[in-house]
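> Structure for this input, please:
(chains A, B, C and D)
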2 protein chains.
Amino acid sequence: MLEVMDQAERHLTADAILERAQKIDPRVHRVTVYRTLEMLKKMGLLDELDLLHIHGHGHYYESHGPRDHIHVACLGCGKVREVESDLFEQLKNQISKDTGIEITISRAEIGGYCEACRRR
Amino acid sequence: MLEVMDQAERHLTADAILERAQKIDPRVHRVTVYRTLEMLKKMGLLDELDLLHIHGHGHYYESHGPRDHIHVACLGCGKVREVESDLFEQLKNQISKDTGIEITISRAEIGGYCEACRRR
DNA sequence: ATAACTGCAAATCTTTTGCTTACAG
DNA sequence: CTGTAAGCAAAAGATTTGCAGTTAT
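Residues are numbered from 1 along each chain as shown, chains lettered A, B, ... in the order given. Below is the predicted model:
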């Protein structure tokens, strides 16, 4: 039922997901959102991020695509960019080999200041 | 005053830090811990992690060494290993170049199942 | 009838804020 | 005296839990 919210863009908080879900069916309850998120997370369909806590300690969710991407956030303006990189894939391979761990989740988050913000 | 806690091992929650601080001086207040953490974070002396939320939604702190390391956690037994990798440095350089962002924080967390846990 | 899903209210956990007091320079 | 740090109580925000009512099988 809540797979719908999953179709949305990117980086939604639980709250934002609730809102969207309620546009479709006003009866959906916050708790249902959390329970569904929990489920989707366990099934590996969803990634949970915190985007380096730029905006408080809440979490963000996005549907897990076939390829990992890295989140690059500007600490000044808050803009978040997504980047794919082969190096990250290599890194994972290397780690998997070195540690003997079979990787199921991976996440990289990078913060800094973009050019515009650096000028200020 | 709370630099002491910073000397401790690794991956402490705010709660654990409070406990340790109180062993030294029982008067320290939870709020002080949070305020100090906030400060150290801003100064870049401390990293805040969530270790992929293996154990709930709390946060973990560790003092920031000269070199970034990647946290590799087993989702089965909860063990967390730290790994350094040149590839990660390269990755950061690449991203910095590609996006024009001057990187000040970076974090990579990887989860999976270790050999022992895979057998179960 | 049974099992899975949902709503609701309330609890819990973590972190933050406002205000006041203590302390050092 | 003056500004920074710390305590305390209370608020705020996010997420979880227990229980009861619904629905689909």
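
> show me the contacts for residue A:102.
The contact partners of residue A:102, by C-beta atoms under 8 Å, 6 or more residues apart in numbering or on different chains, come to A:96, B:112-113, B:118. Every C-beta, even on glycine, is put in place using the N, C-alpha and C of the backbone.

> would you turn those into CSV with distance to DNA strand D and neighbour count?
As requested, these are exported to CSV (distance: C-beta to the nearest atom of the strand, whole Å; neighbours: other C-beta atoms under 10 Å in any protein chain shown):
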residue, distance to DNA strand D, neighbour count
A:96, 28, 16
B:112, 21, 23
B:113, 21, 18
B:118, 25, 13
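
> Tell me the one among those residues nearest to residue A:65.
residue B:112 (18.4 Å; C-beta to C-beta).

> and the closest one, helix, strand or coil?
Per DSSP: H, G, I helix; E, B strand; the rest coil, the local secondary structure of residue B:112 is strand.

> Could you check the pLDDT of it?
With respect to pLDDT, residue B:112 scores 92.

> Repeat that for residue A:78.
So residue A:78 comes in at 86 (pLDDT).

> Could you do residue A:16 as well?
Residue A:16 carries a pLDDT value of 91.

> swap in residue A:63?
With respect to pLDDT, residue A:63 scores 85.

> Correct me if wrong: residue A:85 contacts residue B:97.
No: with contacts counted by C-beta atoms under 8 Å, residue A:85 stays clear of residue B:97, the gap being 11.4 Å.

> More neighbours: these two, which one.
Taking neighbours as other C-beta atoms under 10 Å in any protein chain shown, residue A:85 and residue B:97 compare with residue A:85 leading, 19 against 9.

> how about the more buried one, what does it touch?
Listed by C-beta under 8 Å, 6+ apart, the contact partners of residue A:85 are A:70, B:91, B:94-95.

> Report the two of those separated the most.
Farthest pair in the contacts of residue A:85 (C-beta to C-beta) is A:70 and B:94. Separation: 10.1 Å.

> which one of the two has more residues nearby?
residue A:70 (21 against 15).

> How about the contacts made by the more buried one?
Counting by C-beta under 8 Å, 6+ apart, residue A:70 touches A:82-85, A:88, A:108-110, B:91, B:95.

> Let me know the pLDDT of it.
Listed pLDDT for residue A:70 reads 93.
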